[in-house]
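Colleague: Predicted model and sequence below, questions to follow.
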Amino acid sequence: MSLVIVGLSHRTAPIDLREHLAITAPQMGEALGRLVKVAGAREAVLLSTCNRTEVYVRGDPGTSHEASLRAFFGDLYKHPGLMSALYQHEGAAAVRHLFRVAAGLDSMVIGETEILGQVKSAYQLAHTHGSTGKITNVLFQRALFVGKQVRTRTNISEGSSSVGSVAVTLAERIFGSLHNRHVLLLGAGEMAEVTARHLLSQKTGQIVILNRTVEKAQALATMLNGRAAPLDALHDELPRADVVICSTSAESPIVTAELVQKVMKVRRGKSLYFVDIAVPRNVEPSAHDIDNVYLYNIDDLQRIVDENMARRRAEIEDAEGLIDGLSGEFHQWVTAALEGRTAALKHGLGAPEQGDPSRES
Amino acid sequence: MEQTFFGAAFTSYSVAMSLFFGYVITRRESLSRVAGYAVWTGVITHIVSLVLRTLAARVVEEHRFYVPWSNWFESFSFFTLVIAITFLIIEWRRGMPILGAFVSPVFFATMTTAVYSPFGTQIPLLAPALQSYWMAIHVPVMFISYAAFALAFAVGLAYLIQERQLKSKHPTSISFRLPPLEDLDQLIYRIIRMAFPILTLGVLLGARWAYDAWGRYWGWDPKETWALITWLIYLIYLHMRLVVGWRGRKTAYLSLLGFGVVLFTYVGVNYLSSLHGFLSNQGR
């Protein structure tokens, strides 16, 4: 078996090492070329994200490519810690590694879906540069299939994994489509911006930014395509808002339960959703007890994120089992293919039956 | 024949309910689609069974105005049909298959109530008051409004569960299987807004029929009194919502209360009213 993977990831290398080894798309052609020419790869795919840089290589049978692939990394960046940060897998273990990566099991945030797209574009880039071949073509297409299978058959990607996306998910639980829902930002800080950007990834209605210093609000308003006003306008703006994101550094709540009560009268009971990510809190907690008012503070959101992640972790075992079966099956295929025999890959559900002799022929 | 079709309808409704529950548990869209087909099958076979029953009954001269909603069994059976059709219309218009999980137990319950009728399932001898073409007008109009209120009840339940989920700050996967809060709130309102004029019309037609049957429009018979109470509850709902500006939980509770009163007016009153006790064979 001549399939090898050498690389490093967030598990083995700190960010300052990873950032030097990240290979951007324009550099990809040159790097792949070097893998083929210098390292003697017959087929090569380079996967480079902010969390990992890995090379997948089909080499010549009987030849060890480990040293030349390590040298490839050494040429990219000289660093005393580099060699100990590199890991390698061969044969069945290499297949299994790629499948785990594609499934998001090796990601910093377990089950995240971005990696699937990154694996896909890494493969497509290599394909464009002509460095893929019979084995890597099937391997990467299979990895994408496995990545999707694992996500649909387990709950490894269920639930939002960040405070911002949880805040948006909740908004959708209350309002459905956020189309025409007005967003009000109290405070123009970084946290407010991050959460607002999450919201604006859906189409929303008007966005208004209130801040003690109007200039800062104006700057953010320009970026988010909204309108700015001083914080004193709170009483006028609040009744019009559906989603309110609070992040001011006010020492005591600027949105009191009494104010919310009044606002709800004006709104005629239309739901009002507060995301209070400020510490100390901007909205008086008892506002949550008012009918049709939903107030989530930073701890509430973080707790939901934690629960989601715990639920994802509980799915790891199932996902690993699925991958074991699928990578075992692929390994059988690749062994047969390399020996010139034909074997079939199942495209349906279910792990292949182990030790079934009919699969070999 | 009629019983075969009726059996097929009952089976279809039961299958639909199981499939909707399966859909809630597995979240497979295909299950909800098949469940929808099962409701369709139920409705069609049900209609066929009612037509056959009507043809069989009208052979008798006193039954020339016979319509298949004249006693306990027939009434609940017909009520089931109207609820199922109303559900199909709303599902077609709004596309909320999850509501099937709330509505299907309602029509399963009414169908079961029909089958286990304490007064048998045979074609009844019509009480004199029922030997009238009004039977074909007043009752269906009332049932359309009742069916809509049954749906508002189901949506109200879904609303209250979703509201509790979001207020708990601990939304579980249940929250994600239910439609968004504001959509549910809107839907309850729209259903009641549509059903209220129909109920009003039904009561007025009933008064007109009462004049023909008993010689007066309104006699404070328990059925009439409770119909008025039902009407007032939904009037209060609309008033609170449109004039006072109530929304959400309180109005959802009103939709639950409203359907409770509907059920009492429909079933319970039969034991209070000697005039209107048609379901319990006491009517005149």
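Modeller: Ah, there it is.
Colleague: Let's see the pLDDT reported for the closest residue to chain B within the stretch 1-150 of chain A.
Modeller: Here the residue of the stretch 1-150 of chain A nearest chain B is residue A:111; by C-beta to the nearest C-beta that distance is 15.5 Å. Just so you know, the C-beta spots here come from the backbone N, C-alpha and C atoms, and that holds for glycine as well. On pLDDT, residue A:111 comes in at 92.
Colleague: for it, what are its contacts?
Modeller: Applying C-beta atoms under 8 Å, 6 or more residues apart in numbering or on different chains, we find residue A:111 in contact with A:103-105, A:151, A:156-158, A:161, A:312, A:315.
Colleague: any idea which of those is the one closest to residue B:1?
Modeller: residue A:158 (49.9 Å; C-beta to C-beta).
Colleague: Around the closest one, how many other residues sit close by?
Modeller: Residue A:158 is flanked by 15 other residues according to other C-beta atoms under 10 Å in any protein chain shown.
Colleague: One more: residue B:38?
Modeller: By other C-beta under 10 Å, neighbour count at residue B:38 equals 22.
Colleague: That one touches residue B:9, doesn't it?
Modeller: No. In terms of C-beta atoms under 8 Å, residue B:38 does not count as a neighbour of residue B:9; the distance is 10.4 Å.
Colleague: circling back to that earlier point, which SS state does the residue of the stretch 1-150 of chain A closest to chain B fall under?
Modeller: coil (DSSP: H, G, I helix; E, B strand; the rest coil).
Colleague: Next, find the distance separating it from residue A:202.
Modeller: Counting by C-beta to C-beta, to the nearest Å, the gap from residue A:111 to residue A:202 is 22 Å.
Colleague: quick one: the strands in chain B?
Modeller: Remark: no strands are assigned in chain B by DSSP state E.
Colleague: Repeat that for chain A.
Modeller: A:3-9, A:43-48, A:52-58, A:87-90, A:183-186, A:207-211, A:227-230, A:243-246, A:272-276, A:293-297.
Colleague: Format those strands as JSON lines; extra columns: distance to residue B:95 and mean pLDDT.
Modeller: Putting the strands of chain A into JSON lines (distance: least, C-beta to C-beta, whole Å; pLDDT from 0 to 100) gives the following:
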{"stretch": "strand A:3-9", "distance to residue B:95": "43", "mean pLDDT": "93"}
{"stretch": "strand A:43-48", "distance to residue B:95": "40", "mean pLDDT": "94"}
{"stretch": "strand A:52-58", "distance to residue B:95": "42", "mean pLDDT": "94"}
{"stretch": "strand A:87-90", "distance to residue B:95": "48", "mean pLDDT": "93"}
{"stretch": "strand A:183-186", "distance to residue B:95": "26", "mean pLDDT": "94"}
{"stretch": "strand A:207-211", "distance to residue B:95": "29", "mean pLDDT": "93"}
{"stretch": "strand A:227-230", "distance to residue B:95": "34", "mean pLDDT": "92"}
{"stretch": "strand A:243-246", "distance to residue B:95": "24", "mean pLDDT": "94"}
{"stretch": "strand A:272-276", "distance to residue B:95": "24", "mean pLDDT": "95"}
{"stretch": "strand A:293-297", "distance to residue B:95": "25", "mean pLDDT": "96"}
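Colleague: will you turn the ones you listed into a markdown table that also has mean neighbour count and distance to residue A:137?
Modeller: Output for those, formatted as a markdown table (neighbours: other C-beta atoms under 10 Å in any protein chain shown; distance: least, C-beta to C-beta, whole Å):
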| stretch | mean neighbour count | distance to residue A:137 |
| --- | --- | --- |
| strand A:3-9 | 23 | 13 |
| strand A:43-48 | 25 | 8 |
| strand A:52-58 | 26 | 10 |
| strand A:87-90 | 17 | 19 |
| strand A:183-186 | 28 | 46 |
| strand A:207-211 | 25 | 46 |
| strand A:227-230 | 16 | 52 |
| strand A:243-246 | 28 | 46 |
| strand A:272-276 | 26 | 46 |
| strand A:293-297 | 23 | 47 |
